[in-house]
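A.B. asks: here is a sequence with its predicted model. Questions after.
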Amino acid sequence: MFKSRLSLLTCLALCALVGCDSAPDNPPTTPVTGTVTYKKKPVEGALVVLVAQTPDAQGAVGTTDADGNYAVSTFADGDGAVAGTYKVKVSKYEIVAEPAAEGGDMSEEEEEDEYSEEDMGDEQDSGNLLPSKYENEITSGFEVTVGDEPVTLDLELK
């Protein structure tokens, strides 16, 4: 009895390791990498989005590192993009943390009054730090076709 259970557990563990699941297979992807520069300087933390123009294709996304380099992902980290045509958009948003309440003895109403949108002005909003034309795939002017060979897509923003 013990050997039967051990065999069953071993089979289940092997099945899990080999990927014995019912999830459909993803289509193949091709690496898409590049560099984002703005005014000839690398942009860190920019979001590069490939918007699929081919029917049944999926979009892909990547984020730039300190040197402005990125690799797009569709299904897994850095796996690339599915073959097809894409328009590209690029943005970098400044994230502004909300101020911490001081004094901890305020009622909810007092806190709302102290940190109202009127008092915060534009500081509360996050804004794109790159020219707005690049955050829209229609106006960015960038397009890429992905096939079987790795693609290098350097994006020079002006």
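C.D. replies: Received it, and whenever you're ready, just let me know what you need.
A.B. asks: now do the phi/psi pair for Lys133.
C.D. replies: Backbone torsions of Lys133, given as degrees, to the nearest 10, read phi -60, psi -30.
A.B. asks: count of neighbours near it?
C.D. replies: Counted with other C-beta atoms under 10 Å, residues neighbouring Lys133 total 14. To be clear about C-beta, it is placed using only N, CA and C from the backbone, and glycine gets the same treatment.
A.B. asks: ok, now Asp56?
C.D. replies: By other C-beta under 10 Å, the burial measure for Asp56, its neighbour count, is 8.
A.B. asks: part of a strand, is it?
C.D. replies: No: inclusion of Asp56 in a strand is not indicated when DSSP: H, G, I helix; E, B strand; the rest coil is applied; the result is coil.
A.B. asks: now the phi/psi pair for it, please.
C.D. replies: phi 70, psi 10.
A.B. asks: for Tyr38, see how far away it is.
C.D. replies: 33 Å (C-beta to C-beta, to the nearest Å).
A.B. asks: contact partners for Glu149?
C.D. replies: Glu149 sits next to Thr30 when contact means C-beta atoms under 8 Å, 6 or more residues apart in numbering.
A.B. asks: mind telling me what element it is part of?
C.D. replies: Assessed by DSSP states H and E, Glu149 sits outside every helix and strand.
A.B. asks: can you pull the contacts of the closest residue to Asn128 other than its chain neighbours?
C.D. replies: Ranked by C-beta to C-beta, 6 or more residues apart in numbering and with sequence neighbours excluded, the top spatial neighbour of Asn128 is Ser91, at 5.0 Å. By C-beta under 8 Å, 6+ apart, the residues touching Ser91 are Ala46, Leu47, Val49, Asn128, Leu130, Tyr134, Glu135.
A.B. asks: just the buried ones from the residues you listed?
C.D. replies: For the contacts of Ser91, a neighbour count by 16 or more other C-beta atoms under 10 Å gives the buried set as Ala46, Leu47, Val49, Leu130, Tyr134, Glu135.
A.B. asks: the fourth one touches Ala46, doesn't it?
C.D. replies: So that's Leu130. Yes: counting by C-beta atoms under 8 Å, Ala46 is a contact partner of Leu130 at 6.9 Å.
A.B. asks: if the residue nearest to Asn128 is in a bridge, with which residues?
C.D. replies: The residues paired with Ser91 through beta bridges, assigned by DSSP bridges, are Leu47.
A.B. asks: list the buried residues in stretch 55-72.
C.D. replies: Buried positions in stretch 55-72, judged by neighbour count with 16+ other C-beta under 10 Å: Ala57, Gly59, Ala60, Gly62, Thr63, Thr64, Gly68, Asn69, Tyr70, Ala71, Val72.
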